[in-house]
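1. Prediction below, plus the sequence it came from.
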Number of protein chains: 2
Amino acid sequence: MRITTVGLDADDTLWHNETIFRLTQDRFRGLMAEVAPPEQLDAKLAEIEKRNLRLYGYGVKGFTLSMLETAMELTGNEPPGRLIAEILAAGRQMLTEPVEPLPGVEKALAELSRDYRLVLITKGDLLHQEQKLAASGLGDLFAAVEIVSEKDASTYERVFARHGTGAAEAVMCGNSMRSDILPALEAGCFAAHVPYPLTWAHEMADAPEGHPRFAELHSIGELPGWIQSLG
Amino acid sequence: MRITTVGLDADDTLWHNETIFRLTQDRFRGLMAEVAPPEQLDAKLAEIEKRNLRLYGYGVKGFTLSMLETAMELTGNEPPGRLIAEILAAGRQMLTEPVEPLPGVEKALAELSRDYRLVLITKGDLLHQEQKLAASGLGDLFAAVEIVSEKDASTYERVFARHGTGAAEAVMCGNSMRSDILPALEAGCFAAHVPYPLTWAHEMADAPEGHPRFAELHSIGELPGWIQSLG
């Protein structure tokens, strides 16, 4: 099997992301402590995020707006002083958080980029994802960057047709079963799951047991070896 | 001169956009009437939008966050009841506004799509722009869609290299001198300016006088004829 192209997810595959959302949500719990207990707050925020996904898509700006809507609903539209300003500040801070590659990422990508065309495939805010890639220092290793609004099988077909030699000769690697692995397999790609300690509930799904084009890896460091083993 | 590819801006070139921002800003003035006179509000909002552009980019979600920051600053972080909820609702409404092509757009694009490869090139929120294109009914006329975080000469070089036969054989058409015309000319494209009655101050710039690859058109209906005249 000839592999020409390797697609990589960005958030929680190349650098921390969910951790930053969790830390912000902890901060939000603190800000709302006198308004709602943490469980009630988390449930309301999850409900509002889900309701807004179709409208706001993925990313920090939509999350900030969802935190604000949650605060308004739980305070009966009478937020205590400074609460709104603090939420706005928390969102701004997420957007300026420093970006550092996860352990092993730089080495694995440098190795892969010698033999394959690397394509970054990620959801989220367009500008913010471009800024994170620039800040990560990994940008030069990628032949192409695709920031997409949804990751389904047709997304992978389109991206690997455009930037490679088609899905059948591509490997997709990421931390989300639901977004990175299952639709890529459906499109005909090979797919390697590299779990991240935290995964957003929305991105959870079962592993495809015994699938001939799937691998579960412990870290991205194992990716070059697995791809070579396909040859 | 062989033209193979026509790039089109979306907001205020194919459908109304600035009008929706202006109507929302009017509504914001009403909501803030007891806090600040309209001139002070507009000046503060413009200042905050400009400050946030690097962080939020273009689009409705960033604009909503900028309205919220403006409201917080002008009320000393003590917004009157419901103000924040009303701003959030105004932002949500912008995202669900119906999309209708501007007069002459459908006919011009149908004609152009017979002879040239059409590429939509637009800034803004990724998901929202995709949704507007779908809602406009114009999606099938385009060979490619590029939603970008910034429109400079290198953007046009890259997009027309990827989706056409290079900038020298491409025409760019849009309502913004600053974003659609000047950088496209710099990249080596032909460029046609179709003004929109309202243009965001940030997008204003002088027309390139006497430029051999530039045309000022009265409406998009004149675009097919101008492109043919280049041949």
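-> Sure thing, it's come through. Bear in mind that the values here come from a model prediction, so they are computed numbers and not experimental data. Numbering: from 1, shown residues only, chains lettered A, B, ... in the order given.
2. And the strands in chain A?
-> A:5-8, A:117-122, A:144-147, A:170-174, A:190-193, A:214-216 (DSSP state E).
3. Now do the fifth one: everything it contacts.
-> Contacting residues not belonging to strand A:190-193 are listed as A:1, A:3, A:170-175, A:177, A:180-181, A:184-185, A:207, A:213-217, A:223, A:226-227, A:230 [CB atoms under 8 Å, 6 or more residues apart in numbering or on different chains]. In short, each C-beta sits where N, CA and C put it, glycine included.
4. Then the fourth one?
-> If you take CB under 8 Å, 6+ apart as the criterion, strand A:170-174 is touched by A:3-9, A:13, A:116, A:121, A:156, A:160, A:164, A:180-181, A:184, A:189-194, A:217, A:220, A:223, A:227, A:230.
5. Can you name the residues of chain A that neighbour chain B?
-> Counting by CB under 8 Å from any CB of the partner chain, the residues of chain A close to chain B are A:55-57, A:61-62, A:64-65, A:68-69, A:72, A:77-79, A:81-82, A:84-85, A:88, A:91-92, A:95-96, A:125-128, A:130, A:147-149.
6. So, low pLDDT: which residues of chain A?
-> A:1, A:199-202 (pLDDT under 70).
7. tell me the domain boundaries of it?
-> A:5-15+A:100-230, A:18-96 (automatic domain parsing).
8. For residue B:41, which of those is the nearest?
-> domain A:18-96 (17.4 Å; CB to CB).
9. now do the same end-to-end measure for the closest one.
-> 15 Å (CA to CA, to the nearest Å).
10. ok, now stretch A:172-182?
-> Using CA to CA, the end-to-end distance of stretch A:172-182 comes to 10 Å.
11. Let me have the strands of chain A in TSV, extended by mean neighbour count.
-> Output for these, formatted as TSV (neighbours: other CB atoms under 10 Å in any protein chain shown):
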stretch	mean neighbour count
strand A:5-8	26
strand A:117-122	23
strand A:144-147	18
strand A:170-174	28
strand A:190-193	24
strand A:214-216	17
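12. could those go into CSV alongside distance to residue B:102?
-> Shown next, in CSV, are those (distance: least, CB to CB, whole Å):
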stretch, distance to residue B:102
strand A:5-8, 37
strand A:117-122, 33
strand A:144-147, 27
strand A:170-174, 40
strand A:190-193, 43
strand A:214-216, 48
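13. For residue B:142, find the nearest of those.
-> strand A:144-147 (17.0 Å).
14. Direction included, what does that closest one pair up with?
-> strand A:117-122 (parallel) (DSSP bridges).
15. CA atoms only: put the strand it pairs with into PDB for me.
-> Extracted in PDB, the C-alpha atoms of strand A:117-122 (Å, rounded to 0.1, in the frame of the first residue of the first chain):
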ATOM      1  CA  ARG A 117       2.800  15.400   2.300                       C
ATOM      2  CA  LEU A 118       1.500  16.600   5.700                       C
ATOM      3  CA  VAL A 119      -1.900  18.300   5.800                       C
ATOM      4  CA  LEU A 120      -3.300  20.000   8.900                       C
ATOM      5  CA  ILE A 121      -7.100  19.400   9.100                       C
ATOM      6  CA  THR A 122      -8.900  21.200  11.900                       C
END
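16. mind listing the helices for chain A?
-> A:18-31, A:38-56, A:60-74, A:83-96, A:105-115, A:126-136, A:153-163, A:182-187, A:223-230 (DSSP state H).
17. Turn those helices into JSON lines, columns for mean neighbour count and distance to residue B:51.
-> Listed next are the helices of chain A as JSON lines, based on neighbours: other CB atoms under 10 Å in any protein chain shown; distance: least, CB to CB, whole Å:
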{"stretch": "helix A:18-31", "mean neighbour count": "16", "distance to residue B:51": "21"}
{"stretch": "helix A:38-56", "mean neighbour count": "16", "distance to residue B:51": "22"}
{"stretch": "helix A:60-74", "mean neighbour count": "23", "distance to residue B:51": "15"}
{"stretch": "helix A:83-96", "mean neighbour count": "19", "distance to residue B:51": "11"}
{"stretch": "helix A:105-115", "mean neighbour count": "17", "distance to residue B:51": "33"}
{"stretch": "helix A:126-136", "mean neighbour count": "20", "distance to residue B:51": "15"}
{"stretch": "helix A:153-163", "mean neighbour count": "19", "distance to residue B:51": "34"}
{"stretch": "helix A:182-187", "mean neighbour count": "22", "distance to residue B:51": "39"}
{"stretch": "helix A:223-230", "mean neighbour count": "15", "distance to residue B:51": "41"}
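18. Nice, that's everything, thank you.
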